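when you get a sec, could you give me coordinates for this:
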Amino acid sequence: MSMDIRYMTKSWRSFVCKGRTAMKSICHLRKLISDAEYRLNNLHNERGLRTGDKQIRVLNERLANPMATMKMILDKLLIIRDKTCQYLSTTRMCMDDEILCNYEITPNLRTPQLLEILEFLRSRFDPEWEVKEMVVLALDNIGSAEDMEMLIDAWGNCRHAGGEEFSQKLNEYLDALMGNH
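From the prediction side, this is the model:
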């Protein structure tokens, strides 16, 4: 379980990074679609209208891939969040047992410390996942480039599961796990 926590936090960061890339693709494609729609509105000949319409359809088809990627990433983040809650529940039950309560996971890591990091991760992953969910749900209803930039910022700004405090707490746990304390 303790090594799985390490893997989950690395995966969380990796998925957020992949999401940033997908968000940039979505932003770029939305801009291309918007530009094509603007040009289409200014066309008056049949051939130009057909070409513009086809271009918009192709761009929308290309947009489906990063949109699906964002939904897949959200699902993966949900799995990590839920697994963290499951581990937290299991560890809390262990704390009720006198022997397991003092179990030495590594020479520097005991069950109470594992409980502490799991509570910390849950308190961070829950609100961060809610922000990510809001972003993914809003992607279908983007009205402007400013709205898209706001969503990109919301995705990339990991206030809860990022930053100096998060990294410091995680590094302390990893040091204890690896026996570097």
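
neighbours of Leu151, how many?
By other Cβ atoms under 10 Å, 19 other residues sit near Leu151. In this view, the C-beta of every residue, glycine as well, is placed from N, C-alpha and C.

again, but for Glu128
Here the number of neighbours of Glu128 (other Cβ under 10 Å) works out to 20.

what comes up buried for the helix or strand encompassing it?
Per DSSP states H and E: Glu128 is located in helix 111-138. Residues 111, 113-115, 117-118, 120-121, 124-125, 128-129, 131-132, 135-136 are the ones in helix 111-138 that count as buried (16 or more other Cβ atoms under 10 Å).

pick out whichever of those sits closest to Ile80.
Lowest distance from Ile80 to the buried residues of helix 111-138 (Cβ to Cβ) belongs to Phe125, with 6.8 Å.

and the gap between the residue lying farthest from the centre of the chain and Asp4?
In the chain, counting by Cα atoms, centre = their mean, Asn45 sits farthest out from the average C-alpha position, at 45.2 Å. Asn45 is 62 Å from Asp4, where distance means Cβ to Cβ, to the nearest Å.

point out where the protein drops to low pLDDT.
99-109, 160-163, 174-181 (pLDDT under 70).

on that earlier part again, and the helix holding Glu128, what does it pack onto?
Applying 3 or more Cβ pairs under 8 Å, 6 or more residues apart in numbering; DSSP states H and E, we find helix 111-138 packed against helix 2-41, helix 46-95, helix 98-101, strand 104-106, helix 145-156, helix 163-178.

how about stretch 147-157: buried residues?
Using 16+ other Cβ under 10 Å as the test for burial, stretch 147-157 gives 148, 151-152, 154-155.

nearest spatial neighbour of the spatially most central residue of the chain, chain-adjacent residues omitted?
The residue lying closest to the centre of the chain (Cα atoms, centre = their mean) is Val16, at 4.0 Å. The shortest distance from Val16 to any residue other than its chain neighbours is 6.1 Å, reached at Cys158 (Cβ to Cβ, 6 or more residues apart in numbering).

OK, contacts around that neighbour?
Residues counted as contacts of Cys158 (Cβ atoms under 8 Å, 6 or more residues apart in numbering) are 16, 128, 166.

no more questions from me, cheers.
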